[in-house]
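*Asks:* Quick one: sequence plus predicted model below, questions after.
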There are 2 protein chains.
Amino acid sequence: MEEESKSLPSKDNFSEWYNELLMTAQIMDVRYPIKGVYVWYPFGFSIRKKVYNMLRNLLDVDHQETYFPMLIPKPELLKESEHIKGFEDEVYWVTHGGLSELEVPLALRPTSETAIYPMYKLWIRSHADLPLKLYQIVNTFRYETKHTRPLIRLREITSFKEAHTAHETWDDAEKQVHEAMDLYSEFFTKLAVPFIVHRRPEWDKFPGADYTMAFDAMMPDGKSLQIGTVHHLGTKFAKTYDITYEDDKGERQYVNQTCYGISERCIAAVIGIHGDNKGLVLPPNASQTQIVIIPIVFKKDEGGVKDACQKVKELLRANDIIAVIDDADERPGAKYYKWEMKGTPFRIEIGPRDLKNNSVMLVRRDGKKESISMDGLPETVRNKLMDFQTELLNVARDSMMSRVKSCETLDEAKQQIENGWATMPWCGDKACGLEMENVVNCKLLGEAHTIKGAGKCPVCGKATDRIITMARSY
Amino acid sequence: MEEESKSLPSKDNFSEWYNELLMTAQIMDVRYPIKGVYVWYPFGFSIRKKVYNMLRNLLDVDHQETYFPMLIPKPELLKESEHIKGFEDEVYWVTHGGLSELEVPLALRPTSETAIYPMYKLWIRSHADLPLKLYQIVNTFRYETKHTRPLIRLREITSFKEAHTAHETWDDAEKQVHEAMDLYSEFFTKLAVPFIVHRRPEWDKFPGADYTMAFDAMMPDGKSLQIGTVHHLGTKFAKTYDITYEDDKGERQYVNQTCYGISERCIAAVIGIHGDNKGLVLPPNASQTQIVIIPIVFKKDEGGVKDACQKVKELLRANDIIAVIDDADERPGAKYYKWEMKGTPFRIEIGPRDLKNNSVMLVRRDGKKESISMDGLPETVRNKLMDFQTELLNVARDSMMSRVKSCETLDEAKQQIENGWATMPWCGDKACGLEMENVVNCKLLGEAHTIKGAGKCPVCGKATDRIITMARSY
């Protein structure tokens, strides 16, 4: 499992760069013998672990984690007709157990509403059982016929975090939608991933939802990546699966539900947005190792460089900063290459001269370099890690916002989406929306309440203050 | 999701007690509409989380966590002929994606050798890549035709921890077998689950292994439950999947491998062994909540009982003891019932009289009760939690050992296994072993190096110092 010293294609060729980086930095191995199914390298999985523990910590404040079965009997999956229409082309079917054919085919969950809600019917009886807020982190499956891509378009989604909540009223569920959006905002901010939240157009909402709010990130090639969704389900599924509660007057009422999900696309966003021609750039929150310490030792270990490295490591660890020493028998340059490829936020170099000066050399993953004093080292490093984290987010957010442009004509939009996102007035009519998608060859991401404006619908010419975002999308 | 106040069947009817407890204490819901597939209640999952985090911590010392795909192409699964013979009747097959038939049927992993080892072939090149020690915690699938039972015999094993290692020599792999056995011993000891390790007879080893070491626990009905296995795979899979490394002389050699696994049966063992007629009894290591504090308040809150509860909770939490307060508007008795059912190790009752005495009432889940001083409370509680943990293990171990009896005749063994395990001399011959299994109607668990003796094989009469354990088994 030794890495090879090879250089990446330029990030300007984003797709090539991305595929090559995932292999070279040992995030995902693409050589598994099924299309769209990939293997997590241990290093990649260490990022997954760190990121999902962060997500768990946010959820555990007022959700409970649980686990529902992966197999769904065909009749359950087919119960919600609108829902199944959204998935029927993509469901994997188990038809045989051993050498015999099953009486009832079993679906691999494409998402778990139809596995979970029959149980909610049994679990929810009175208003005292509400709100119910559960989540699980599971593998889900889609028989993708489109071009697949690691972490982005998968046949096995290995890390689907799905939350499912039930409430008394539609308004209670709406409040939950906002709470979930706040939670996701905090999560992506901690990941240094900027986003715009769009309310998806009616024809692109989750099958069965009243409405869908989606978190969209911009990848370096200007395409949008949907990294999280929050759905208000109203009473749609409650009616199908007969999920009711007894209200305080003793009457049975349907529950109102929400669900919201995040997959390993959140990691694709971190990689895509922050990486550079040298490899990964991980925000400190997403990196298992935050600091690599590299002893700069000449023929003999003058002045106890290695001891000093050890002391610095222990000092940082005692302050909850995850530091490792790379004292392999290699040139420092080879080590720099390796740890830069893995995106380790900071490198600390310690040589005889640094020791004389009672200092160490701190090199950020973006190349910025400065000598810092041994006195108060953990505090200095912690502050600088936080600065780095914030800068990554700010730079990425500025870059994204500079590529979102208001357009007046469809031609203009067509040009704009080559390199970013276009925003335009839209009357709200589906036919106009589909025509816009068709002419511009893009997807309407929906309306963002952070983007205001007014003008005329480019298709029907009606005056409107609704503004829609257009993008090519993953 | 409110629990109902119902009493359990007596634990003397173990099977009934177990099934009822899993529902009443909200561990697993058995009402999912597929046989052998169950739903983790959030409370059950909190135990799973705690127990598997403990397992992760033990493994992370020198293993790396990773994730391999759930789907295995038929040709890969069939490559290792001995291995597949062990599983072919139990494999679930995916044959369709959407509405179309797949060209290559895909198996749901029954275990992951055949998913992992083709990647090991790519990942291992030189002796510098060895040893390689990876693990994953995943769902696996068996089309069980036998009687299924939650946590014990499942069609979806939700929590299979499988480790897979590769080494230079057979002896290196043997060392790893011992390291894995030490690790598992530590894990089960932390869970307060006593066990005997048996080397499985040839005909009962893992399909494809050189040999299999198994951890067997004794359930209250005297049946054995296999709770962990460690396999020496030799070069069997290496030859099938062509996994080689270049040794220091530049020659290609096959790697030697081991694999070892633990499933949610470890939780079944905790539940089965320690539970009582009032419900679960969780060792402190396995319980998310270690202490429940119950305010004993009369008409008005004399002397600030609720404040005192809050202070005790914070004091305990500041000392890493997980305490919660139950201040629901219910009778204390109803609260006792509920927390006893959930197996919370200690209950602390605080009333006006305790406050006057500067003490609290500590009630262990096994009913032992004593007043302890507020002075030094966290230390006292921590010590008592450790004592409780140790006592649970000791009591269970004594109980198990008292039910393992050396027998001289097959008749005697037949009687003994009604209520425990029998040990007997065995010449080592397969025919004799099968005859013993047949006559006694039991399983030969194998030889335990902790059980010594000598005598005559009950079938052929040959003198032998090999002693085998016999049991009915899950």
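*Replies:* Nice, thanks for sending it over.

*Asks:* Quick one: name whatever helix or strand follows the longest helix seen in chain A.
*Replies:* Counting by DSSP state H, the longest helix found in chain A is helix A:377-402. As assigned by DSSP states H and E, the chain's next helix or strand after helix A:377-402 is strand A:404-406.

*Asks:* Report all helices and strands that that following strand contacts.
*Replies:* Contacts defined by 3 or more Cβ pairs under 8 Å, 6 or more residues apart in numbering or on different chains; DSSP states H and E place strand A:404-406 against strand A:421-425. All C-beta spots, glycine's among them, are computed from the backbone N, C-alpha and C.

*Asks:* Please repeat the previous calculation with a cut-off of 10 Å.
*Replies:* helix A:410-416, strand A:421-425, strand A:467-471 (3 or more Cβ pairs under 10 Å, 6 or more residues apart in numbering or on different chains; DSSP states H and E).

*Asks:* Tabulate the ones you listed (JSON lines), appending mean neighbour count and mean pLDDT.
*Replies:* Compiled in JSON lines, these are given as follows (neighbours: other Cβ atoms under 10 Å in any protein chain shown; pLDDT from 0 to 100):
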{"stretch": "helix A:410-416", "mean neighbour count": "18", "mean pLDDT": "97"}
{"stretch": "strand A:421-425", "mean neighbour count": "25", "mean pLDDT": "98"}
{"stretch": "strand A:467-471", "mean neighbour count": "24", "mean pLDDT": "98"}
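
*Asks:* give me the number of residues near A:D387?
*Replies:* 11 (other Cβ atoms under 10 Å in any protein chain shown).

*Asks:* Which residues of the stretch 251-400 of chain A lie near chain B?
*Replies:* A:E264 (Cβ under 10 Å from any Cβ of the partner chain).

*Asks:* Roughly how far does the closest residue to chain B within the stretch 251-400 of chain A sit from B:A115?
*Replies:* Proximity of the stretch 251-400 of chain A to chain B (Cβ to the nearest Cβ) peaks at A:E264, 10.0 Å away. For A:E264, the distance to B:A115 equals 18 Å [Cβ to Cβ, to the nearest Å].

*Asks:* again with A:P110
*Replies:* Relative to B:A115, and taking Cβ to Cβ, A:P110 is found at 21 Å.

*Asks:* quick one: which of those two has more around it?
*Replies:* B:A115 (26 against 23).

*Asks:* residues in contact with the more buried one?
*Replies:* Taking Cβ atoms under 10 Å, 6 or more residues apart in numbering or on different chains as the criterion, B:A115 is in contact with A:32-34, A:37, A:39, B:68-73, B:76-77, B:107, B:109, B:136, B:138, B:164.

*Asks:* Model confidence score at the nearest residue to A:P283 once chain neighbours are set aside, please.
*Replies:* Of all residues not flanking A:P283 in the chain, A:A192 sits nearest, at 4.0 Å (Cβ to Cβ, 6 or more residues apart in numbering or on different chains). pLDDT for A:A192: 98.

*Asks:* give me the number of residues near A:A192?
*Replies:* With other Cβ under 10 Å as criterion, A:A192 counts 26.

*Asks:* pretty sure it is touching A:C266, no?
*Replies:* No - using Cβ atoms under 10 Å, A:A192 is not in contact with A:C266; the gap is 11.2 Å.

*Asks:* anything in contact with each of these two?
*Replies:* Shared contacts of A:A192 and A:C266, counting by Cβ under 10 Å, 6+ apart, come down to A:A286.

*Asks:* separation between A:M181 and A:Y41?
*Replies:* A:M181 is 33 Å from A:Y41, by Cβ to Cβ.

*Asks:* When these two are compared, which one has more neighbours?
*Replies:* A:Y41 (23 against 16).

*Asks:* which stretches of the stretch 201-350 of chain A form helices?
*Replies:* All helices of the stretch 201-350 of chain A, identified by DSSP state H, counting those that start in this stretch, fall at A:236-241, A:265-274, A:305-318, A:332-341.

*Asks:* Now distance to A:K6 and mean neighbour count too, for those helices, in TSV please.
*Replies:* Converted to TSV, the helices of the stretch 201-350 of chain A look like this (distance: least, Cβ to Cβ, whole Å; neighbours: other Cβ atoms under 10 Å in any protein chain shown):
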stretch	distance to A:K6	mean neighbour count
helix A:236-241	50	20
helix A:265-274	18	26
helix A:305-318	28	16
helix A:332-341	10	17
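
*Asks:* Nearest to B:S10 among these would be which one?
*Replies:* helix A:236-241 (36.6 Å; Cβ to Cβ).

*Asks:* so for the closest one, what's the average pLDDT?
*Replies:* The average pLDDT within helix A:236-241 is 96.

*Asks:* So is that helix next to chain B?
*Replies:* No - with Cβ under 10 Å from any Cβ as the criterion, chain B is not reached by helix A:236-241; the gap is at least 12.0 Å.

*Asks:* so what's A:A268 up against?
*Replies:* A:18, A:22, A:27-28, A:149-153, A:193, A:217, A:219, A:225, A:227, A:474.

*Asks:* Then A:V305?
*Replies:* A:P295, A:I296, A:V297, A:F298, A:D327, A:E349, A:I350, A:G351, A:P352, A:D354, A:L355.

*Asks:* just checking, A:H96 touches B:E88?
*Replies:* No - taking Cβ under 10 Å as the definition, A:H96 is not a contact partner of B:E88, at 11.3 Å.
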